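# My questions are about this predicted structure, shown below with the sequence.
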Amino acid sequence: MTTKTLLIIPMLISLLALGACSQTQKDKGAIGSNTGNGTSKNIGKGKGGGSGTSSGTIGRGGAPGVSSRDGRGGSRGGSRGGSAGGGRNGGNGGNSASNTGDITLAGLNDPNNLLSQRIIYFDYDKASIRPEYMVLINTHAKLLAKYPNLKMRLEGHADERGSREYNVALSESRAQSVKSIMGIEGVSGQIKTIGYGEELPVVTGHDQKSWQKNRRVEIKYDGH
Amino acid sequence: MNKISYKEKIYKKGGGWVFNIYPYFFTLALSLLFMASNASAELELHISKTSSDEIPIYIANFAGGASGIIAADLKRSGRFKIVPHSQMKPRISPFGGSLNAGAYQKVTDYIVRGKQVGGGDLQIELVSTSDNAKTYFRITPNINRRRVAHKAADSIYEKVTRRKGAFDTRLAYVTVINKATKNPTFRLYIADSDGYNPQAILSSRKPIMSPAWSPDGSELAYVSFETNSSAVYVQNIFTGDKRKISAREGINGAPAWSPDGTQLALSLSVNGNPEIYTINVRTGHLQQITHSSAIDTEPVWQSRGAIIFTSNRGGSPQLYRISSRGGKAQRLTFNGKYNSAADIANNKMTFVTGRRGAFQIALKSIGSSGRDILSNGRQDESPSLSPNGAMVAYTTLRGGENTLAVISDNGKSRQFLKSPAGDVREPAWSPYLHQ
């Protein structure tokens, strides 16, 4: 899975770079050299809408990207992503300043908190993480780090195309991709992955839009 | 046509017929649209009605509906054309009555008459119109009355084609109702090979996947997510007894029985990545067969010594072969970006192939380089060969749901099978039955 590793490495760098923008001075120092390369350019694009503060990128870095790439509207995650990326953009940016310091269990059920976003979408026949999800994944990882007794299930899914057991393996790989990024926070022991393949779709359609909604990893917390 | 050379003829034509049937696909699609409006009807479609490869056979009406079952079986094989009653003039006398078979030679190659005899046996008479040769079969009663007719169809098929019939067999498959809701129900079913007599042997709120028949036809291996993680079970279909074979960390999937029934090949990710393993079903002894950083899954045994599986080690899912003791894998498919989910019977291999954005059912002879595309749906999957290799069961989208279909290996007959309500998936064709 060398290709997968190659894909993940630049993402890890982006993740660290983003973390550096908003987090401790120590991080900033460590990342200084990385921000000079092409990766930081990508991050700049990801911000897109142009947030004023660096902390805003944590709240928004994920959401606008989600809605633009997926073009989805109706799913559970979709409505959240849509609202975050759409009209409430400004408000969200403002809120996110407090959200970043607000990585708490309560945040999981606060629709204005990034932690309420629990779905990560994937490209067809791919298990690599789209850059726009790095912040979301990192934020959940930080929550796990903060609550060492908290357990997470990463449930991978695939769309209906292709054979069923291959899709089980593909969806498990997707869950593993998310887990390996969260592992940076030292929280792997709190995470269980499972691949459901194409067996539990969220929508039944047989078109690109439906397939995109079904290619996902759902983040689930025990008891939350 | 010389009946004895029939088998030869089919194969001599090689891949040619695949192209021959394409002109009929449009008609087929129209028929599908038309027929979909009557969901309860049992649909039967012929890709080519004009083909000379189908042997004309007349089945006289006889007791208990057996004649209708026999006719449907023979037709589904793609090797027979059922001659309608209206063409049989003068009318055929019942079983035991005099028969001048030669008088019907222009209309049919064979005439079948039958009769329920003492003790409930079904007696069948098969008459060749070319030489008036008569063959008699006596089928003993069965608790499942339809099986008597399937056995009769097998006898006729075998006599005429000189290949073993596989109508008296079973299909296992999974259904789901309330798909894409919070409360789906998954059921594992067993039915006759024509879809009749479905019986649920397992029901679950969590996915059930990948049923696989033991070589003696008495057990099914399958995957269940009952415990919120995957596990492979083996269940006796007669007693219902089941035992857990593997519930390791990660994926426990894609069980496939070794030809001698002592081992299951499966896909496990216990070491972090999906690999093919074999496990002894009695001792639990586990052996890792593949070692790659890619996805390795969907094993099937070509023989006791060789396993074919799906891997994306080359960048896209393709079929590979490896010794059942491990070693170096050899890539088998190169045509297209998606070839997966192989099934093997009687020296033939069927698999899913991606073509122009669609997924269809392909068939090839083991060892040959060519392949034939049998189906023409958008999302056709889970092909399973009948034990004689003459028919393939698979699922295809119809009216937005996956439906069970059977297509003959020559592509001439395709039939949708009846199944209980819900989305149907993963048919697994049983071996020959011994009881």
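On my side now, so go ahead. Quick caveat, the model's predicted, so the values are computed rather than measured.

# Strands along chain A, start to end?
Counting by DSSP state E, chain A has strands at residues A:119-121, A:152-156, A:191-195, A:216-221.

# So which of those is nearest B:Gln288?
Shortest distance between B:Gln288 and those, using C-beta to C-beta, is found for strand A:191-195: 19.1 Å. All C-beta atoms are positioned from the backbone trio N, CA, C, and that covers glycine.

# That closest one - which strands sit beside it in the sheet, and in what orientation?
When sheet partners are counted by DSSP bridges, strand A:191-195 sits next to strand A:152-156 (parallel).

# So which bits of chain A are right by chain B?
A:1-3, A:125, A:153, A:160-166, A:168-170, A:172-173, A:176, A:192-197, A:199-204, A:206 (C-beta under 8 Å from any C-beta of the partner chain).

# for chain A, which spans come out with low pLDDT?
Within chain A, the stretches with pLDDT under 70 are A:1-101.

# Tell me which stretches of it form helices.
According to DSSP state H, chain A carries its helices in the segments A:2-22, A:25-31, A:38-47, A:56-60, A:63-70, A:76-85, A:89-100, A:134-146, A:164-182, A:208-214.

# Can you add mean neighbour count and give the strands of chain A back as CSV?
Listed next are the strands of chain A as CSV, based on neighbours: other C-beta atoms under 10 Å in any protein chain shown:
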stretch, mean neighbour count
strand A:119-121, 25
strand A:152-156, 23
strand A:191-195, 23
strand A:216-221, 22
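
# from the residues of chain A next to chain B, which would you call buried?
Buried members of these, counted by 16 or more other C-beta atoms under 10 Å in any protein chain shown: A:1, A:125, A:153, A:160-166, A:168-170, A:172-173, A:176, A:192-197, A:199-203.

# Mind checking the strands of chain A for the one nearest to B:Ser230?
B:Ser230 lies closest, by C-beta to C-beta, to one member of the strands of chain A: strand A:191-195, at 7.2 Å.

# now that closest one and helix A:164-182, what's the angle there?
Orientation check (axes from the mean of the first three to the mean of the last three C-alpha atoms, to 10 degrees): strand A:191-195 against helix A:164-182 gives 160 degrees.

# what's the angle between strand A:191-195 and strand A:216-221?
Our comparison of strand A:191-195 with strand A:216-221, counting by the same axes, to 10 degrees, yields an angle of 140 degrees.

# Would you mind giving the strands of chain A as JSON lines with distance to B:Pro215 added?
Putting the strands of chain A into JSON lines (distance: least, C-beta to C-beta, whole Å) gives the following:
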{"stretch": "strand A:119-121", "distance to B:Pro215": "42"}
{"stretch": "strand A:152-156", "distance to B:Pro215": "33"}
{"stretch": "strand A:191-195", "distance to B:Pro215": "29"}
{"stretch": "strand A:216-221", "distance to B:Pro215": "38"}
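
# Out of those, which is closest to B:Ala265?
Smallest distance to B:Ala265 across the strands of chain A (C-beta to C-beta): 18.6 Å, for strand A:191-195.

# what residues does that closest one touch?
Residues outside strand A:191-195 that contact it (C-beta atoms under 8 Å, 6 or more residues apart in numbering or on different chains): A:144, A:151-156, A:168-176, A:178-179, A:182-183, B:225, B:228-230, B:250-251.

# Repeat the analysis, applying 7 Å as the threshold.
Here strand A:191-195 makes contact (C-beta atoms under 7 Å, 6 or more residues apart in numbering or on different chains) with A:152-156, A:168-169, A:171-172, A:175-176, A:179, A:182, B:229, B:251.

# got the contact list for A:Arg215?
Contacts of A:Arg215 (C-beta under 7 Å, 6+ apart): A:Tyr121, A:Phe122, A:Tyr124, A:His157, A:Ala158, A:Asp159.

# From chain B, how far off is the first one?
What that stands for is A:Tyr121. 16 Å (C-beta to the nearest C-beta, to the nearest Å).

# What about whichever residue of the stretch 101-250 of chain B sits closest to chain A, how many residues nearby?
Proximity of the stretch 101-250 of chain B to chain A (C-beta to the nearest C-beta) peaks at B:Pro207, 3.8 Å away. Number of residues near B:Pro207 (other C-beta atoms under 10 Å in any protein chain shown) recorded here: 23.

# same question, B:Ser267
B:Ser267: 32 surrounding residues under other C-beta under 10 Å.

# Quick check: bridge partners of it?
With DSSP bridges as the rule, B:Ser267 is bridged to B:Gly253, B:Ile276.

# And the pLDDT for it?
Looking at B:Ser267, its pLDDT is 98.

# my guess is B:Glu249 is in a helix, correct?
No: the assignment for B:Glu249, made by DSSP: H, G, I helix; E, B strand; the rest coil, is coil rather than a helix.

# what about it, neighbour count?
With neighbours defined by other C-beta under 10 Å, the count for B:Glu249 comes to 13.

# Next up, phi/psi of it, please.
Backbone dihedrals for B:Glu249, given as degrees, to the nearest 10, come out at phi -60, psi 140.

# Help me confirm that it comes into contact with B:Val270.
Yes: under the contact definition of C-beta atoms under 7 Å, B:Glu249 touches B:Val270, with a separation of 5.3 Å.
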